[in-house]
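In: What follows is a protein structure lacking sequence information:
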């Protein structure tokens, strides 16, 4: 029950823990969220916290997570630290009675994810993985079209997330723990595929591992109930199409680049499927012969050639635009703020069980991506007996 001391339209006061690049992007989107205020920022360095606060108009800055959590006005903390810090930082927030929005990947592995979820549920506090892609308007529309049967049963999802970044042990992308294409980029693809198709029944993974011991490129094939497949890949070394194509028996959807915060959705409906009987044969052999004769007629061939540009355009599909201001993080911020006003402990769009299942899939993929790296013998002196 909502009390008078907590009206349904109350302002949600946020804190951010961490001042890296992602924190700056999220902070700049608070201006687009009605009823949510970024009130405090915390960092290991008070200098970075103050600089961040000045840049984004944040009222308070703190040195250290404990100081941020001691602010009684802060209701929810966005954990923007590197993924190897997510377990400890999220647990600290939960134990302090703060709601948590934790940057993806939710944790390093299934065991860590379970610890966060169990702590949040025992405490009765709100917790969500910041998988912002699920809240992007074009992705929501794609999910609606699929659930409505607009493209028929989904049979295949194909997608990649691939941008080249400078390599080296000092780069967070290539450093252990927490680096690699799977944890940084593959998680987006896997989470989206499972959002659309559910928990996979079969999982395959492969990778190419670099000098630092992380997967610089990795690929994943997921099999789902009913025979649907997801063919996905991620890379830190090359630039890909960065699109996701969803193929159904009666149409297709394409989340245009970059799929994870796209403004465009291509929709094609195959409105005239071939008439078939239940046993898969043509409904009429006579009709089949008639259709073949029409197709072979010279007039038909001439007409098809003239209409081919139009046919190609129809095959490419209709482009649906979903423009929005800002970086796209405002949608997940709205969801969390709404859940807190409604006294919910989880989001129905990004529930904790989904984060658990995605991490379970990623663990299974990692089990198959055993790195084959020769030992470093550059400083070994060989002696003769």
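Out: Everything's here; your move. Keep in mind it's a predicted model, so treat the numbers as computed, not measured.

In: what about the stretch 151-300 of the chain, any weak spots by pLDDT?
Out: Applying pLDDT under 70 to the stretch 151-300 of the chain flags residues 271-300.

In: could you show me where the helices are in it, in order?
Out: Secondary structure of the stretch 151-300 of the chain by DSSP state H, counting those that start in this stretch: the helices cover 181, 187-197, 285-296, 298-316.

In: next SSE after the host helix or strand of residue 339?
Out: For residue 339, the element it lies in under DSSP states H and E is helix 330-341. For helix 330-341, the following helix or strand on the C-terminal side (DSSP H and E) is helix 352-368.

In: Show me this structure divided up by domain.
Out: Using automatic domain parsing, the domain ranges for the chain come out as 12-133+328-348, 135-290+305-325+363-368.

In: Which one, of those domains, ends up nearest to residue 356?
Out: domain 12-133+328-348 (5.5 Å; CB to CB). C-betas here are computed from N, CA, C, even on glycine.

In: What mean pLDDT does that closest one get?
Out: Averaging pLDDT along domain 12-133+328-348 gives 98.

In: where exactly do the strands run in the stretch 1-150 of the chain?
Out: 12-17, 36-43, 60-63, 76-79, 99-103, 127-130 (DSSP state E, counting those that start in this stretch).

In: Please apply the same query to the stretch 151-300 of the chain.
Out: Taking DSSP E, counting those that start in this stretch, the strands of the stretch 151-300 of the chain run over residues 154-162, 202-209, 215-223, 229-235, 244-248, 251-255, 264-269.

In: Residue 87 is nearest to which of those strands?
Out: strand 215-223 (20.8 Å).

In: What helices and strands are in contact with that closest one?
Out: The contact analysis (3 or more CB pairs under 8 Å, 6 or more residues apart in numbering; DSSP states H and E) places strand 215-223 against helix 181, helix 187-197, strand 202-209, strand 229-235, helix 352-368.

In: chain center to stretch 199-212, what's the gap?
Out: The chain centroid and the centroid of stretch 199-212 are separated by 17 Å, computed with CA atoms, centre = their mean, to the nearest Å.

In: now the end-to-end length of that stretch.
Out: Start-to-end span of stretch 199-212 (CA to CA, to the nearest Å) is 31 Å.

In: got the angle for the helix holding residue 339 vs strand 36-43?
Out: If you take axes from the mean of the first three to the mean of the last three CA atoms, to 10 degrees, helix 330-341 sits at 100 degrees to strand 36-43.

In: how many neighbours does residue 324 have?
Out: Residue 324 has 15 neighbouring residues, counting by other CB atoms under 10 Å.

In: Start the count at 52 instead of 1 going forward.
Out: Fine by me, first position is 52 from now on; the one you just mentioned is residue 375.

In: got the contact list for the residue nearest to it when sequence neighbours are not counted?
Out: Nearest non-adjacent residue to residue 375, counting by CB to CB, 6 or more residues apart in numbering: residue 188, 6.5 Å away. Neighbouring residues of residue 188 by CB atoms under 8 Å, 6 or more residues apart in numbering: 373, 375, 382.

In: From residue 117, how far out is the first one?
Out: Using CB to CB, to the nearest Å, residue 373 is found at 41 Å from residue 117.

In: neighbour count winner among the two?
Out: Set residue 373 next to residue 117 and count neighbours by other CB under 10 Å: residue 373 wins out with 15 against 11.

In: How about the residue sitting nearest the centre point of the chain, nearest residue that isn't a chain neighbour?
Out: By CA atoms, centre = their mean, the chain has its centre lying nearest to residue 239, at 3.0 Å. Closest residue to residue 239 apart from its sequence neighbours, by CB to CB, 6+ apart: residue 311 at 5.1 Å.

In: looking at it, the one you found is touching residue 212, isn't it?
Out: Yes - between residue 311 and residue 212 there is a contact under CB atoms under 8 Å: 7.1 Å.

In: joint contacts of these two?
Out: Common neighbours of residue 311 and residue 212 are listed as residue 239 (criterion: CB under 8 Å, 6+ apart).

In: more neighbours, the two?
Out: A count of neighbours by other CB under 10 Å puts residue 212 above the other of residue 311 and residue 212, at 25 against 22.

In: and that one, what does it touch?
Out: For residue 212, the contact set (CB under 8 Å, 6+ apart) comprises 236-237, 239-240, 284-286, 291, 293, 310-311.

In: try 10 Å this time
Out: Residue 212 is in contact with 232, 235-240, 243, 283-286, 291-295, 308-311, counting by CB atoms under 10 Å, 6 or more residues apart in numbering.

In: These, buried ones only, as a ChimeraX selection?
Out: A single ChimeraX command is used to select the members of those judged buried by 16 or more other CB atoms under 10 Å:
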select :232,235,236,237,238,239,240,243,283,284,285,286,291,292,293,294,295,309,310,311
